[in-house]
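Peer 1: Just a sequence and a predicted model for now, questions to come.
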Amino acid sequence: MRRLMYEARAQLASPVRNPRMATVIGRLLGLAFLLCFGTGLYSHFLQEPLSWMVFPTRPAGLYQLTQGTHIVAGIACFPLLLAKLYVVFPQLFVYPPVTSFAQFLERASIALFVGASLVEITIGLLNTYQWYPFPFPFRQVHFALSFVIIGSLLVHIGVKLPLISAHWRAERTAGPPEQLRAGPTQEGLPRTRGLTGRILSYIDATPTVPARTSRRGFLATVTLGVATVVGLTAGQTFTPLDALNAFGPRKKGVGQQGVPVNRSSAQAKVATAAMATDWVLTVASGDTERSFSRAELAALPQTDVDLPIACVEGWSQMASWRGVRLRDLIDEAGGSPDSDLRLISLEQRGGFRQTEMGREYVRDPLTLVALELNGETLDLEHGYPARMIAPGRPGVLQTKWLSRIEAIDA
Amino acid sequence: MGSEAEVALPSRRIRVARSVLVAVGVLGLGLGAYVLVDSVALRRLPGLALWIAGAIVLHDAVISPLVFGLGVLTRRAGHRVAGSVVVTVQATIVLGSLMTLIVLPAIAAQRQGPRNPTVLPLDYAANLGLFWLILAVACAAVSLWFYLRTRRANQRPSRIQS
Ligand code: HEM
């Protein structure tokens, strides 16, 4: 067994498998993970704010940017994580596998880190495809694992800190890079017979590529890998890349009235209630309550705004909306724009049937109860008869098929 | 990478930073575990554990050996050509596989029938085929360039690695 491990290490010695490369790729991966973690937390708290939280409403495309970044950095994790694992592959064969309890804990935390990271990015990607073939809920697990990952990442960085700081700059690793390659060379290896021996000698006879070519090639491959996966998908949110969007789960301009749809009227089972002629939007504040028919809403002063729909799944679409300013409507109904609101949809069930909106959005002049989209009456799929549209919020909170707006008493 | 032991004893600053990182990290792990148990039904956890273990096994026992074997095979097959050409071919295979890995689930999800027509609206299979084609052409062009460069450098048809 020991000899086998020994030989495996010899064959695995490759010019890219050294602490310097592990540091270089690790830094990029760490950056991508932190970007994902930060933007992910932002998205989480927008949806589930703690009571004291207030969010910026400008720039209006803020959430478009943060969640777009989440998915872009997230998809960049695929080449980066695989590259990192490639570089440290020989560590799998360290012999003896465990020397002390502390080292056992360290290896266990790395195993957890690798497994949790792979699951995190995989379910994240599958969620953007709206495909859930896993036996657990996406959002809760994706959220909890993010702490597990960042925690085990910090432990890992802490343990490796001396090594990382020694290889942070290229200059410090002076001397021929070959010296970085630890591990035995081929000559001193014991021979193995039989099939294993044949395979091993086949591998031994494999010509090597010059170290410099191999290192440059590796870095070029990782760079191109990140550029490719990002470049060919990010067009679903970053307009300049739209023409290159060959693999994004959404395409700009594809959908009713040129806007993609997340939850359809069929899923939400709202068609009958939304098309009913006696539909009204009720605005309640304290003891006063007023209902507006669609014609009454249309008779109030109308405002035009350009705001993006930005989905938690990372796609976004700029659109032109026309409707009643929310704060004017609240005013009209005798409420105060300084209280938080509860928004209720015609939907009978679903996690976002009833949501809350902080006063910073209520006050904002860009926030509308929209009646029109891109110059036409709002399509049923986009929330007819009336929907909310506010700056800097995720699409799930831009309530469609509005039914009732209530002031939450402070 | 056995050089850990060779790194000199860490300085005081590094030791402090290290303790802080490990302590915060352990707190993060604890928080993650708490959030998990708090928000996910207990009967779902074995499934999650299975996925995490499965991911490790899939990577360590399937993907890594495949990549390793591929490295050996391409170098073997290309032992007469310049190293840069071998690396170009390897990069092509890696890039194609990477994109395939990311796009295959999209194709599978599309087959299952998206929840509405604006989800997964593109022809992902055709685009993936086209992507491989473009990769292959680019690979041939870059290889040819490396080949000509090596040949010019050697002043004769090259049979030697650069
Ligand atoms: C290490 C990498 C990652 C970390 C640390 C991370 C972290 C997070 C966090 C904390 C959230 C908020 C969850 C919540 O709202 O409760 C989130 C949401 C999300 N993440 Fe990630 N993520 C990572 C990678 C990815 C990847 C690779 C993708 C997809 C390609 C992805 C897709 C998503 C999506 C679609 C959401 C929105 C979920 C929702 O609100 O419904 N994530 N992420």
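Peer 2: Thanks, I have it.
Peer 1: what helix or strand is the residue in the stretch 101-250 of chain A positioned nearest to the ligand on?
Peer 2: In the stretch 101-250 of chain A, the residue that lies nearest the ligand is residue A:124 (2.3 Å; CB to the nearest ligand atom). Just so you know, the C-beta spots here come from the backbone N, C-alpha and C atoms, and that holds for glycine as well. Element membership for residue A:124, per DSSP states H and E: helix A:101-128.
Peer 1: What are the buried residues along the helix or strand just after that helix?
Peer 2: Next helix or strand after helix A:101-128 toward the C-terminus (DSSP H and E): helix A:138-166. Residues of helix A:138-166 classed as buried by neighbour count (16 or more other CB atoms under 10 Å in any protein chain shown): A:140-166.
Peer 1: I'd like the average pLDDT over helix A:138-166.
Peer 2: When pLDDT is averaged over helix A:138-166, the result is 94.
Peer 1: Show me what it is packed against.
Peer 2: helix A:19-47, helix A:101-128, helix B:12-39 (3 or more CB pairs under 8 Å, 6 or more residues apart in numbering or on different chains; DSSP states H and E).
Peer 1: do it and the ligand meet?
Peer 2: Yes - using CB under 6 Å from any ligand atom, helix A:138-166 reaches the ligand at A:139, A:142, A:143, A:146, A:149.
Peer 1: starting at the chain centroid, how far to that helix?
Peer 2: 17 Å (CA atoms, centre = their mean, to the nearest Å).
Peer 1: can you state the direction angle for it and helix A:101-128?
Peer 2: 130 degrees (axes from the mean of the first three to the mean of the last three CA atoms, to 10 degrees).
Peer 1: that older thread, what sits against the residue of the stretch 101-250 of chain A closest to the ligand?
Peer 2: A:71, A:74, A:142 (CB atoms under 8 Å, 6 or more residues apart in numbering or on different chains).
Peer 1: and which of the residues you listed is nearest residue B:89?
Peer 2: When these are compared for distance to residue B:89 (CB to CB), residue A:74 wins out at 29.1 Å.
Peer 1: what are the ranges of the strands in chain A?
Peer 2: With DSSP state E as the criterion, chain A has strands at A:281-285, A:288-292, A:303-310, A:316-325, A:341-345, A:354-357, A:368-373, A:376-377, A:387-389, A:402-407.
Peer 1: Whether the fourth one contacts chain B - can you check?
Peer 2: No - counting by CB under 8 Å from any CB of the partner chain, chain B has no neighbours in strand A:316-325; the shortest distance is 9.8 Å.
Peer 1: List the strands paired with that strand, with their directions.
Peer 2: strand A:303-310 (antiparallel), strand A:368-373 (antiparallel) (DSSP bridges).
Peer 1: Serialize these to CSV and add fields for distance to residue A:259 and mean pLDDT.
Peer 2: Listed next are those as CSV, based on distance: least, CB to CB, whole Å; pLDDT from 0 to 100:
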stretch, distance to residue A:259, mean pLDDT
strand A:303-310, 6, 97
strand A:368-373, 7, 97
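Peer 1: related to what we said a few turns ago, closest one of the contacts of residue A:124 to residue A:363?
Peer 2: residue A:71 (30.1 Å).
Peer 1: how close does the residue nearest to that closest one when sequence neighbours are not counted sit to residue A:217?
Peer 2: The spatially closest residue to residue A:71, leaving aside those adjacent along the chain, is residue A:314, at 3.1 Å (CB to CB, 6 or more residues apart in numbering or on different chains). In this structure, residue A:314 and residue A:217 are 31 Å apart, going by CB to CB, to the nearest Å.
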